[in-house]
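# no sequence for this one, just the structure:
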């Protein structure tokens, strides 16, 4: 009773009517929304949402919930409302905002409902227009703690007029927004965004069972069929509920019949919900969506982008729009994924273009003669019969608008007179191609992507083929007898050329330098290639060059002399090369050098490295650089330059500070941050694979954490870690040797807060997260644009030239040697200081005695 006496009560006025009192109490107690009992998999989702709400904090917080239609967004936020609404005196749940907004004065009525719910005025406050509504919402709710749910937003105007800004609501308020469009939440700058994903296999089977059998487990004899249905529904909650209800109390034969029917005709209740997202796309986005669903589901995004750009669709913008609307996802390995139910809808859309005549549709999946309406065709083993199919020119004659042709069927044979009629063909993918070259009358002006695979192919084309939009050549081009005709210069949009394993390749045509758009050139494997073309400076776009040539008898160093002309080269691979001793001059744009498993290879000259580090500082200062660089099996995340060479002899003697183990500290020179000659630091480590790290397929990472020390507290970690990794198995084979990892970290990358006398030391700590490497030693060295500790050649004094082993600074005849003396770092170790003929020298700076 004592405890009950402490509870707050509700003050009832003596002269109040009972009906009014009941209404007031009802306004205080939040309503409980109806949620279907079968909310399987809800607990973990609610936990993440509640965490994102941060209810205990006092600020206003907006949370967005997004996902594909039918994924369960409304169910989740309804359950969330029931869970937390009792913690708020004022609540509102605005449902079906998308639909209500289309009605007359729809937004105004929603504003009215928001005010009625949160203020309890029950229509006593009348709004004239939506602009007045915005003002009243701000005035009335800016000092009130409210909980507002806004369900099914699809237009930014809805957010602007209902929950425009954080300042509209009082401290402790929480606004939850549900939408299919992720980009709306980004534009509204919500504090936390939760994207609802599909159920896992177990939860999906339980949800389906709760509708099909009124229990979580499948009924006896229905286990395999239930798994088929869950697979067909692709774990989409809406599809699981609809199909479960459809199959409830039906026999096995009926189940099999329904499944077969669904493969041909999608369920309308499911398609009506999912098609809402499709209907909201513009024309170009719809075209991209249909192409992906029909032909490119599961394909790499780079290839799909290439093909769609070739069709004039502005692929990057369109793909981003589909991702923002949760219609597609991009996997970690950059493949485009789409829910099976959506793919089915797309095929249904194409089917409705002409239900009774497949040849009149824009896209085909079966062996049918086409008409001028067909833009895309897919023919694979699932779409054709078991017998050999003959394709003639007559069958293609009317397909004058054909853009995309995908054939993956070895039973499909072409007649000798076969010809492609369409001038619009942008993508040709043909596995099992049966002709020797492409037809001589092949129209290639629009071709953007080409993939041919067949045992009879000896050359790609005959004569002077002009494919001005083609970005890549087939990856298995090394199997062709005749590789590169001189007419390759006409491939002006070619961005990638991979000539791996071309055993008979002796030279590259000089015309290859006319490929002004080429970004990637791979020349890997055994080759007779003796030199690179001389006019490499005509390839300003080349960013990635791989020369893993296992040559016998010829030194690759001679072949590499011209690479300094590649002004935009960012990544160079020289791994597994047998004949390379000194890497010659490299372009200052280089950010990644991979020379692992190349015995005897040392780092480029100090002059080249200083140029690269200077360039990296300039790029970062003007924000022109990316912090990600990739080769085929090596990558680097971080700013600056990353290099790897085999063995410890790759470390030059100018890198002096070293330590056993995986951690090293150095003292920083005084006022290093004010020294314009200070460019950054060289960070190195020597690694060897752990004895138990041999695997068939390896992906290995090496991390480096930089931290500044102030001499008192523990080091202050920089925000950015340096990461590099490889998927090459040679790092872990039985005879794998030591490797040296070198990173040149630019001064500009160091944040402003660390550029003070407070920080006197810098620490580097190396680690291998997967424990496949062991770090034996590490090195650390400041790098200066003019560093006496590395000057051992090209000095002006004859006496100094006689003994280049000593560490010296030769300033003979310099007009102002005092300026250069002031730049000597305190870590420098000099044997000799030469000041011969320095006529203007009056005194020595005291700093040199440090």
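Perfect, I can see it now. All values derive from a computational prediction rather than experimental measurement.
# what about the stretch 551-700 of the chain, any weak spots by pLDDT?
551-558, 578-581, 600, 624-626, 648-652, 691-699 (pLDDT under 70).
# so where does residue 91 fall, helix or strand?
Assigned by DSSP states H and E, residue 91 belongs to strand 90-94.
# Which residue ranges of the stretch 151-300 of the chain form helices?
Here the stretch 151-300 of the chain has its helices, by DSSP state H, counting those that start in this stretch, at 156-162, 182-187, 201-212, 223-233, 237-247, 252-264, 268-279, 283-291.
# So which residues make contact with the second one?
Think helix 182-187. 64, 66, 153-156, 159, 177, 179, 193, 195, 321, 323-326 (C-beta atoms under 8 Å, 6 or more residues apart in numbering). C-betas here are computed from N, CA, C, even on glycine.
# Out of the helices of the stretch 151-300 of the chain, which one sits most buried?
helix 237-247 (a mean of 22; mean count of other C-beta atoms under 10 Å).
# Give me the packing partners of it, helices and strands only.
helix 201-212, helix 223-233, helix 252-264, helix 268-279 (3 or more C-beta pairs under 8 Å, 6 or more residues apart in numbering; DSSP states H and E).
# Dump those helices to CSV, plus mean pLDDT.
Formatted as CSV, the helices and strands packed on helix 237-247 follow (pLDDT from 0 to 100):
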stretch, mean pLDDT
helix 201-212, 86
helix 223-233, 84
helix 252-264, 82
helix 268-279, 79
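# what about the stretch 351-500 of the chain, any weak spots by pLDDT?
In the stretch 351-500 of the chain, residues with pLDDT under 70: 351, 353-362, 364-372, 380-396, 409-417, 421-422, 434-441, 454-468, 474-487.
# Buried only: go through the contacts of helix 182-187 for me.
Neighbour counting by 16 or more other C-beta atoms under 10 Å classes 64, 66, 153-155, 159, 177, 179, 193, 321, 324-326 among the contacts of helix 182-187 as buried.
# now, which of those residues sits nearest residue 125?
Set against residue 125, the nearest of these by C-beta to C-beta is residue 159 (21.8 Å).
# Return the per-residue confidence for the closest one.
On pLDDT, residue 159 comes in at 94.
# next one: residue 824
54.
# which two in the buried ones among the contacts of helix 182-187 are spaced the farthest apart?
Top of the distance list for these (C-beta to C-beta): 177 and 321, 19.2 Å.
# thinking again about what came up before, quick check: which of the helices and strands packed on helix 237-247 is nearest to residue 346?
helix 268-279 (7.7 Å).
# same for that closest one, what does it pack against?
Short answer (3+ C-beta pairs under 8 Å, 6+ apart): helix 268-279 packs on helix 237-247, helix 340-353.
# could I get the ones you listed as CSV with distance to residue 627?
As requested, the helices and strands packed on helix 268-279 are exported to CSV (distance: least, C-beta to C-beta, whole Å):
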stretch, distance to residue 627
helix 237-247, 39
helix 340-353, 35
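# rewinding a little: can you lay out the helices and strands packed on helix 237-247 as JSON lines showing distance to residue 129?
Compiled in JSON lines, the helices and strands packed on helix 237-247 are given as follows (distance: least, C-beta to C-beta, whole Å):
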{"stretch": "helix 201-212", "distance to residue 129": "45"}
{"stretch": "helix 223-233", "distance to residue 129": "45"}
{"stretch": "helix 252-264", "distance to residue 129": "48"}
{"stretch": "helix 268-279", "distance to residue 129": "28"}
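# Out of those, flag the one nearest residue 684.
Using C-beta to C-beta, the nearest of the helices and strands packed on helix 237-247 to residue 684 is helix 201-212, at 47.1 Å.
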